[in-house]
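Trainee: This is the structure alone, sequence omitted:
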Ligand SMILES: Cc1cc2nc3c(=O)[nH]c(=O)nc-3n(C[C@H](O)[C@H](O)[C@H](O)COP(=O)(O)OP(=O)(O)OC[C@H]3O[C@@H](n4cnc5c(N)ncnc54)[C@H](O)[C@@H]3O)c2cc1C
């Protein structure tokens with residue numbers, strides 16, 4: 001070996017790469033993997049699904065998160081996948097039009113800047129950006145997690161493997177198992193917002209194109225969302241329910257029955273939607289809720305994205321928080337040990353997260369009023385205003401989604 005080679009080899013041995021495990025290959029997981037890899041970590045991602053979960057409903061990438069995807073180099077690809085929603089039409093209980101508006105007036109977004117893409121297009125772009133540099137273990141998950149040795153985190157996998165990592169990150173979504181390992185049952189951190197929803201795809205027999213139609217009565221909303229000109233539309237049935245229906249959460253038949261009962265007398269296209277719901281093979285049902293935690297880490301294990309701070313889809317900020325959180329977590333650890341890095345992550349990111357979570361108040365979501373009076377007020381607003389007050393101003397006077405200016409962390413490898 002040459003002298004230079006020897007020195008390089010010694011240098012490499014003097015600072016071994018920190019090995020980390022990320023649970024979850026949704027949005028936060030691959031984004032975190034990307035940045036940790038850039039900062040020199042050896043990254044493994046474990047995902048319980050057999051492959052990347054493609055397709056899916058439309059999601060927004062806004063504000064600070066746009067800068068994250070720009071820095072990752074995937075912004076042009078995402079711009080190509082932009083859905084370009086052109087109209088939002090609100091209907092009353094009889095299916096009569098209340099108002100038809102530009103989507104940005106309701107979402108608080110910025111025309112020409114915000115991105116709306118199918119969730120699968122975002123996960124694809126993130127995965128493509130990291131798959132050559134990061135180890136992915138599909139069809140597996142963490143079975144036990146033990147950090148009592150003080151030197152690392154001992155992991156056993158459901159598939160039978162056993163490994164030790166310097167750090168572990170839970171990016172495993174709103175019902176995170178990593179969170180349960182660390183902090184106990186979900187109920188402690190789950191803030192139910194008083195609604196449930198069912199989402200599924202159905203045939204686009206309505207001639208809808210790049211538009212969303214939403215039917216409302218107090219406490220109920222039915223929406224058809226055509227992301228393009230193609231044959232399918234995304235159907236959403238959302239309803240107010242004071243207590244979460246725990247029995248239905250693990251039982252798809254009970255979910256279908258519950259939704260059918262709630263919307264039994266509904267007009268417009270809802271009967272056809274209920275018929276499609278019966279046969280849907282991609283039904284997604286859940287309570288609308290947030291995760292709020294006093295701490296996002298414990299020892300060498302930390303949470304990111306929905307696992308730590310799901311804001312609920314009512315804010316439209318879940319994916320953006322996941323992207324920003326991943327950037328901030330990786331950057332905070334780039335040149336620090338785990339204790340200082342995880343403290344810095346919380347310190348730098350919590351205000352942004354809280355501000356975004358506060359975009360929705362308990363039971364008073366702007367789009368889903370629960371009383372006649374609230375619905376009438378909302379409809380008046382839609383009729384008369386070109387812009388709804390959708391964003392709580394941040395202390396700096398910027399909308400919540402842009403309230404954090406991304407720092408530059410240690411120069412990349
Ligand atoms: C109907 C609906 C509409 C939405 N609309 C919007 C929107 O308009 N805008 C927006 O920004 N957000 C929206 N969201 C929210 C958004 O999808 C999430 O906030 C975002 O995906 C968070 O990313 P994440 O990576 O933290 O979690 P997820 O995307 O949930 O990813 C978690 C990953 O972890 C995996 N996993 C779970 N458990 C384990 C385990 N034990 N072991 C290994 N892997 C595991 C899962 O399979 C998944 O791949 C919406 C959500 C829903 C349901």
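Mentor: Alright, I've got the coordinates. Note that the structure is predicted; figures quoted are calculated from it, not measured.
Trainee: what about the residue in the stretch 1-150 of the chain positioned nearest to the ligand, which SS state?
Mentor: Relative to the ligand, the nearest point of the stretch 1-150 of the chain is residue 26 (2.0 Å; Cβ to the nearest ligand atom). C-beta here means a position set from N, CA and C on the backbone, and glycine is covered the same way. Of the three states, residue 26 takes coil according to DSSP: H, G, I helix; E, B strand; the rest coil.
Trainee: Can you name the residues that contact it?
Mentor: Neighbouring residues of residue 26 by Cβ atoms under 8 Å, 6 or more residues apart in numbering: 53, 123, 171-173, 305-306, 322.
Trainee: pLDDT value on it, please?
Mentor: Looking at residue 26, its pLDDT is 96.
Trainee: picking that back up, show me which of the contacts of residue 26 are buried.
Mentor: 123, 171-173, 305-306, 322 (16 or more other Cβ atoms under 10 Å).
Trainee: check which helix or strand covers the nearest residue to residue 292 once chain neighbours are set aside.
Mentor: Excluding the flanking residues, the one nearest residue 292 by Cβ to Cβ, 6 or more residues apart in numbering is residue 191, at 5.4 Å. The secondary structure element spanning residue 191 is strand 190-203 (assigned by DSSP states H and E).
Trainee: Residue 285 too?
Mentor: strand 284-291.
Trainee: and that strand, which strands flank it?
Mentor: Strand pairing for strand 284-291, using DSSP bridges, gives strand 190-203 (antiparallel).
Trainee: ok now the partner strand, how far from the chain's centre?
Mentor: 14 Å (Cα atoms, centre = their mean, to the nearest Å).
Trainee: Now that strand: average pLDDT?
Mentor: 94.
Trainee: got the contact list for the next helix or strand after it?
Mentor: Counting by DSSP H and E, the next helix or strand C-terminal to strand 190-203 is strand 211-217. For strand 211-217, the external contacting residues (Cβ under 8 Å, 6+ apart) are 85-93, 95, 103, 206, 221-226, 266-270, 367-369, 375.
Trainee: if you set the cut-off to 7 Å instead, what comes out?
Mentor: By Cβ atoms under 7 Å, 6 or more residues apart in numbering, the list of residues contacting strand 211-217 from outside reads 85-91, 93, 95, 221-226, 268, 270, 375.
Trainee: Out of those, name the ones that lie in helices.
Mentor: Under the assignment DSSP state H, the contacts of strand 211-217 contribute 270, 375 to helices.
Trainee: From the contacts of strand 211-217, list the buried ones, please.
Mentor: By neighbour count, with 16+ other Cβ under 10 Å, the contacts of strand 211-217 hold 85, 88-91, 221-226, 268, 270, 375 as buried.
Trainee: Looking at these, which two lie furthest apart in space?
Mentor: Put simply, by Cβ to Cβ the two of the buried ones among the contacts of strand 211-217 set farthest apart are 226 and 375, 24.3 Å from each other.
Trainee: Make a markdown table out of the buried ones among the contacts of strand 211-217 and add pLDDT.
Mentor: Below are the buried ones among the contacts of strand 211-217 laid out as a markdown table (pLDDT from 0 to 100):
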| residue | pLDDT |
| --- | --- |
| 85 | 87 |
| 88 | 91 |
| 89 | 94 |
| 90 | 94 |
| 91 | 96 |
| 221 | 96 |
| 222 | 97 |
| 223 | 96 |
| 224 | 97 |
| 225 | 94 |
| 226 | 93 |
| 268 | 97 |
| 270 | 98 |
| 375 | 93 |
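Trainee: okay but residue 57 is in contact with residue 234, surely?
Mentor: Yes: Residue 57 lies in contact with residue 234 (Cβ atoms under 7 Å); the separation is 5.3 Å.
Trainee: more crowded one of those two?
Mentor: Here residue 57 and residue 234 are compared on neighbour count by other Cβ atoms under 10 Å; more neighbours surround residue 234, at 20 against 17.
Trainee: check which helix or strand covers that one.
Mentor: According to DSSP H and E, residue 234 maps onto strand 232-240.
Trainee: Let me know the angle separating that strand from strand 211-217.
Mentor: 30 degrees (axes from the mean of the first three to the mean of the last three Cα atoms, to 10 degrees).
Trainee: The residue in the stretch 251-400 of the chain that the ligand sits nearest to: neighbouring residues, count only.
Mentor: Closest to the ligand within the stretch 251-400 of the chain is residue 318: 1.9 Å, counting by Cβ to the nearest ligand atom. Residue 318 has 26 neighbouring residues, counting by other Cβ under 10 Å.
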